[in-house]
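**Q** quick one: sequence plus predicted model below, questions after.
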Amino acid sequence: MSDHQDHHDGHQVNYKKIYFILLGLLVVSVAGPFLEILWVTLLTAFGIAIVKARLVINNFMHLKWEKRLVKWVLTTSLLLMGLMFAGVAPDVMNHEGNNWENLAAQAAVARGVAGEHEEEEAEDVVEVVVGFSAQSTFTVVCGACHGAAGDGTGAAAAALNPRPASFIDPVFWETRDRDRILTVIRDGAAAVGGSPLMVPWRASYDDEQIQALTDYVMSLRPNE
Amino acid sequence: MANAKPLATLRSATGIPTGRLAVWWVLASEVVIFGGLLGAYLMHRLGHPEWAEAAAHTNTWVGAFNTFVLLSSSFTAVLAHQAAEKGNGKEAAKLLGFTILGALTFLIVKSGEWTYEIMHGYTITANNFWSFYYTAAGLHALHVIAGAIIMGFVAVDAYRGRELHRVELIGIYWHFVDVVWIFLFPLLYIAK
């Protein structure tokens, strides 16, 4: 007992006051988003979280009066956390760089954003159709390998063997028809004896969307 | 039995009571555990705009209520520490009892919330947002459970006037669990 009594006798904290300030800050952080202004929400959410955490750490945990050793130990942990974040975040937060591209993350974003429209506008079927654009989906998702113009020169193309198909090559179209394009998009190229690198997309897009994507690919065919 | 105490609990090279120093070391490792998890969540959240859609389904009011519960339990924990410093073990035990009640309330609300979400299809495998949601909140809930159990032992001792310094030690841990939630709340419930 005596050891920490010596330590704490020098200060008196009004715990009740701190507690009510914390509750007041909680109310502000819940109220913030109702203004529907992004920076206000971020400030009331994370700015206030930092203030609340400081109040608890200083006044309830008494870190303010603790010996410096403890602060050093905790700071070291925080720095390690910052180091982890700084080292990993650039790869996670970006989905492409100079010599690389994260196709899975790009596809997840494209899928998620498309799904978002679907959910928000589910009551209005017309809106759902508008929300999906075959051309923009082709550019973002298919274009990663096949190129935005469909010429088989997407960012990932160089790394793939066999190379992704070029839809502007007349030779390619000598052996393809609409049914085959649709099957490959829906079930993957492996379904017709092609490369498994062209994966099936039926889980990501419904029949109507796959039809639209097929039409878009057909429209790239030269001399038509 | 007083003489049978390990030397390490009596000796202090740093000027910080050994038990308290140990708690700070535990918390330093916890900072890395939760920091790594929340940091990973944050970078994915920033890199994936579509997570906002999933996050919109968490219930801010339930999160806010649980924040209120944890802040209140932290308040009673620090009052228990104050009582223990004055040598009032019975009062400290009573206040720790309120803190344990807070922990139980938090866990009951959380299990109701999770049941509702899981029944609506928001399971841990639904997508990456929900995976993080259940992992981060679940790890935090495990800390709440552990804290409540330890607090039970400390409260029983404190009631008998024994080991009163431990009231402060479990309090420091408990406030840390509170601080983690203070950051989880805006990350999972407010930023949508």
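**A** Happy to help now that I have it.

**Q** next one: A:T153 from chain B, what distance?
**A** According to C-beta to the nearest C-beta, to the nearest Å, A:T153 stands 26 Å off from chain B. No exception for glycine: its C-beta is placed from N, CA and C like everyone else's.

**Q** need the pLDDT of that residue.
**A** We have a pLDDT of 86 for A:T153.

**Q** where does A:D177 fall, phi/psi-wise?
**A** phi -130, psi 180 (degrees, to the nearest 10).

**Q** if you could redo that for A:E101, that was the one I meant.
**A** For A:E101, the backbone dihedrals (degrees, to the nearest 10) come out as phi -150, psi 130.

**Q** what's the residue of chain B found nearest chain A sitting at in phi/psi?
**A** Here chain B gets closest to chain A at one residue, B:E50, 2.3 Å apart by C-beta to the nearest C-beta. With angles defined as degrees, to the nearest 10, B:E50 sits at phi -70, psi -10.

**Q** in contact with the residue of chain A found nearest chain B, which residues?
**A** Residue nearest to chain B within chain A (C-beta to the nearest C-beta): A:G112, separated by 2.3 Å. Shown in contact with A:G112 (C-beta atoms under 8 Å, 6 or more residues apart in numbering or on different chains): B:48-51, B:53, B:127.

**Q** okay, and it sits in which element?
**A** Using DSSP states H and E, A:G112 sits in helix A:103-120.

**Q** right, and B:R166 touches B:A158 too?
**A** Yes - with contact defined as C-beta atoms under 8 Å, B:R166 reaches B:A158; the gap is 7.4 Å.

**Q** which one's more surrounded, these two?
**A** B:A158 (28 against 21; other C-beta atoms under 10 Å in any protein chain shown).

**Q** for that one, give me its contacts.
**A** B:80, B:84, B:89-90, B:92-93, B:96, B:164, B:166-167.

**Q** can you narrow the residues you listed to ones near chain A?
**A** Among the contacts of B:A158, proximity to chain A is found for B:L164 (C-beta under 8 Å from any C-beta of the partner chain).

**Q** quick one: low-confidence ranges for chain A?
**A** A:1-11, A:114-131, A:224 (pLDDT under 70).

**Q** list the buried residues in the top helix by length along it.
**A** Under DSSP state H, the helix in chain A containing the largest number of residues is helix A:68-93. Of the residues in helix A:68-93, A:70, A:73-74, A:77, A:81, A:84-85, A:89, A:92 count as buried by neighbour count, 16 or more other C-beta atoms under 10 Å in any protein chain shown.

**Q** packing partners of it?
**A** If contacts are counted by 3 or more C-beta pairs under 8 Å, 6 or more residues apart in numbering or on different chains; DSSP states H and E, helix A:68-93 sits against helix B:18-47.

**Q** now the helix it packs on against helix A:68-93, angle please.
**A** 20 degrees (axes from the mean of the first three to the mean of the last three C-alpha atoms, to 10 degrees).
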